[in-house]
Structure formats: structure tokens, C-alpha cells
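only geometry, no sequence info:
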Ligand code: GLA
């Protein structure tokens with residue numbers, strides 16, 4: 001039923017007056033400073049664990065940082081230099097965490113990393129001990145957060161490890177929130193990376209405890225089957241990724257020697273389609289040009305860093321063949337044709353499968369070559385355990 005006419009006019013006039021007043025008020029006060037969006041695109045960097053494990057030291061970290069700054073990795077967008085487990089020593093009499101003897105001066109190390117235009121990451125656990133048995137942050141959360149901030153830390157990976165000994169499963173969210181609040185209280189922007197292997201559907205509550213990224217799986221290893229199990233297993237999590245909040249299928253193994261170049265290109269292609277954090281895990285100081293070409297291909301990295309932050313998903317599967325698509329900010333589609341089998345296969349993506357028009361431009365991203373305009377479909381031969389990655393429609 002229609003409302004009373006004069007009454008509607010009066011309500012309309014009041015609304016206009018209210019809005020005008022609100023606008024005047026808004027402009028009369030100083031506008032708030034723009035919020036710094038941490039991890040607006042998936043974080044890119046390096047972490048010590050996959051290659052060095054507990055063999056990490058000040059010397060190693062400086063060498064990796066220097067390599068990143070000069071070898072093309074920084075130019076490609078890699079920024080964070082993250083120390084994983086095994087840096088911790090004992091606490092002092094006041095309970096302040098000290099690094100062990102392999103790290104003589106954390107503040108100086110942070111300063112060095114920053115002097116190269118890079119950022120500094122560190123690692124701890126909500127439990128009493130880390131996974132490798134070093135000192136965790138249990139009972140010292142606020143104190144540790146302040147220590148990290150005083151060292152210039154920009155990124156914390158917080159690994160569940162022994163926390164199951166002191167917390168019940170239903171206290172996990174609160175334990176993670178506690179460290180987030182402690183980091184926030186320091187006033188320093190620190191990317192917050194949850195590592196609890198995907199327990200309790202972490203993707204559904206990660207943002208609410210302040211996480212910028214959360215591991216979705218157990219640990220990766222440098223084998224095709226392990227990488228493929230994790231990477232191809234991410235389908236379905238795409239609705240939980242967004243700018244500032246990313247699913248993390250674990251760090252990269254590219255360049256560590258356990259896979260072929262085709263397998264590493266599959267690894268990198270999948271991670272970029274998934275809008276996954278790109279945390280290299282190899283020795284940057286000694287990597288080959290072939291490894292650098294995989295980690296730093298600008299066309300491929302741009303897929304990961306697309307500002308829309310859409311996570312890709314599988315559109316087709318038949319036996320060991322899979323087609324994945326990611327919708328880019330400009331509405332073009334990046335398509336991965338993956339062959340998980342043992343022999344080369346011809347694969348075709350129909351344009352109707354990926355929501356583009358009948359006639360589209362196609363670019364091969366690994367080759368960095370425009371292939372021209374195609375009609376209705378694109379076909380390529382895909383090597384064993386390999387990928388053909390194309391951008392269609394721009
Ligand atoms: C766990 C994590 C790894 C690494 C190790 C360090 O296994 O999942 O990424 O941080 O701990 O001990």
C-alpha cells in the first residue's frame with residue numbers, strides 16, 4: 001500500500017537535511033588518515049625454513065637479504081626476509097626473549113635488512129616451545145610483541161607447535177587473537193601469519209583474529225607429489241581469500257632441487273593462481289638463472305599480485321588433467337592447463353568454460369609471448385607434471 005503523501009514529502013525533506021548536516025560535519029573535522037592495508041596483495045618474501053632449517057644464522061640471513069636486494073628478486077616484488085624457527089635463546093631475568101649465539105644483535109640485523117629496502121620477519125609459537133623445541137611466547141605475548149617491535153620486525157609467523165599442551169582446542173582462536181592484540185598495541189604494522197596447519201577451518205575465523213594469512217595445510221616438502229597434493233587440494237577455499245587476508249598453502253620449494261623445472265613451474269603457477277603468499281624457500285645467494293626465471297617472471301608474479309585478490313579455482317578435471325582459472329581485476333582470465341600425468345597431453349580450454357567472449361587475445365605467461373587472437377578455444381600440449389599458463393581476454 002502507498003504511504004500518506006504529505007508524510008512522505010516531510011520524511012524526504014528531513015532525510016535531505018540530515019544528510020547535508022552529516023556531510024558538513026564530516027568535512028568540518030579532519031578526515032582520518034587512510035588505513036594502512038597490510039598485505040593488500042599476498043606477501044612476497046623469503047623464509048629460512050625450507051632450505052636452512054635450524055642452520056639459520058645472522059650470517060645466512062644477511063647473505064639472503066643481500067642476494068634478494070641485488071639479484072632481481074626485490075625488483076620482482078619480493079620484500080620480506082623472514083627468520084623461521086631456531087633463532088631463540090633463553091629469556092633474561094626480566095623475561096625478555098634473547099636470540100641465541102647465532103644471532104648476536106637482532107636490532108642490527110633488522111636495521112641491515114631495512115637498509116636494503118626490505119622488511120624483517122620473525123617466528124614464534126603461542127605455546128611454551130616452538131616446533132623445534134626453542135622458546136615460545138606462552139605467557140610472554142605482550143613482552144615479546146614489544147621486543148619484536150623494538151627490533152624493527154615487520155612480520156610474525158606464529159606456529160601452534162606445543163600450544164596444544166597448554167590450550168584446549170576451543171581456545172585456539174583466543175590464543176591467536178591474544179598475540180594479534182599484543183602486536184597491535186605496539187603501534188607497529190606487523191603482518192600476522194598464522195601457522196596451525198588448517199585446523200578447525202582456520203580460513204573461516206582467521207580474519208576475525210587479525211590474521212593476514214593462515215596456513216591451510218601441513219608442511220610442504222620438495223617433492224612433486226607433496227607439492228601437488230597441497231596445491232591442487234586448495235580448490236574450494238577461494239571464497240575465503242581477499243585483500244589483507246590470504247589462504248597460505250605453505251612456502252615455495254622452487255630451487256631446492258627436488259623437482260624438475262616443469263614441476264617447479266607447476267608449483268609457481270598454482271601458487272599464483274591461488275593468490276598464495278609467495279615466500280621463497282631456497283638459497284637465494286646461490287640460485288641458478290633458471291630458478292630466478294621461475295620465481296621472478298613478471299607476467300606470472302602479476303597473476304599472484306593482481307589487486308582484485310581473487311583466488312583461482314578448478315573449472316574442469318578429467319583423470320590427471322586439470323584446468324584452473326583466476327579472474328583478474330581487468331576481467332581477463334588467467335588459465336592454467338595442468339598435466340599431472342606421466343606423458344605429454346594435448347589440452348583444450350573452451351572460452352565458454354571461463355566466461356570470456358568468442359574471440360579473445362591469448363598470451364603465454366611463461367613464454368611472455370602474445371599468441372594472437374583466438375576463437376572459441378585454446379589448445380596446447382602440456383608436458384608431464386607441467387603447465388601451460390595463459391592470460392585470455394585482454
Ligand atoms: C612447523 C611449520 C614449518 C616450520 C617448522 C619449524 O613444522 O609448519 O613451516 O616453521 O614448524 O620448526
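Perfect, thanks for sending it. Only a predicted model underlies this, so the values are computations on that prediction, with no experimental measurement involved. Numbers count the residues shown, from 1 in each chain.

Give me the distance between residue 172 and residue 182.
Note on residue 172: its distance to residue 182, by Cβ to Cβ, to the nearest Å, is 16 Å. For glycine as for every other residue, the C-beta is placed from the backbone atoms N, C-alpha and C.

what residues are up against residue 282?
By Cβ atoms under 8 Å, 6 or more residues apart in numbering, the contact set of residue 282 is 50, 51, 252, 253, 254, 255, 256, 291, 295.

With adjacent residues omitted, what lies nearest to the residue of the stretch 101-250 of the chain found nearest the ligand?
Among the residues of the stretch 101-250 of the chain, residue 131 lies closest to the ligand, at 3.3 Å counting by Cβ to the nearest ligand atom. Nearest residue to residue 131, sequence neighbours excluded (Cβ to Cβ, 6 or more residues apart in numbering): residue 161, at 4.1 Å.

Could I get the phi/psi values of that neighbour?
phi 40, psi -110 (degrees, to the nearest 10).

what do you get for residue 351?
The phi/psi pair for residue 351 (degrees, to the nearest 10) reads phi -60, psi -30.

what about it, neighbour count?
21 (other Cβ atoms under 10 Å).

mind checking how far the nearest residue to it once chain neighbours are set aside is from the ligand?
Sequence neighbours aside, residue 376 is the residue nearest to residue 351 in space, at 5.6 Å (criterion: Cβ to Cβ, 6+ apart). Counting by Cβ to the nearest ligand atom, to the nearest Å, the separation of residue 376 from the ligand is 44 Å.

Contacts only, for residue 376.
Residue 376 makes contacts with 350, 351, 352, 358, as judged by Cβ under 8 Å, 6+ apart.

among those, which ones are buried?
Applying 16 or more other Cβ atoms under 10 Å to those, the neighbour count classes residue 351 as buried.

Using JSON lines, lay out the contacts of residue 376 together with secondary structure, pLDDT and distance to residue 104.
Shown next, in JSON lines, are these (DSSP: H, G, I helix; E, B strand; the rest coil; pLDDT from 0 to 100; distance: Cβ to Cβ, whole Å):
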{"residue": "350", "secondary structure": "strand", "pLDDT": "98", "distance to residue 104": "60"}
{"residue": "351", "secondary structure": "helix", "pLDDT": "98", "distance to residue 104": "59"}
{"residue": "352", "secondary structure": "helix", "pLDDT": "97", "distance to residue 104": "61"}
{"residue": "358", "secondary structure": "coil", "pLDDT": "97", "distance to residue 104": "64"}
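
nearest to residue 81, of the contacts of residue 376?
Residue 81 has its nearest neighbour among the contacts of residue 376 in residue 351, at 42.0 Å by Cβ to Cβ.

residues contacting the closest one?
Listed by Cβ under 8 Å, 6+ apart, the contact set of residue 351 reads 357, 358, 360, 374, 376, 377, 378, 392.

Swap in 7 Å and give it another go.
357, 358, 360, 376, 377 (Cβ atoms under 7 Å, 6 or more residues apart in numbering).

Closest one of these to residue 57?
Using Cβ to Cβ, residue 360 is the member of the contacts of residue 351 that lies nearest residue 57, at 50.8 Å.

Quick check: that closest one is in a strand.
Yes. Under DSSP: H, G, I helix; E, B strand; the rest coil, residue 360 falls within a strand.
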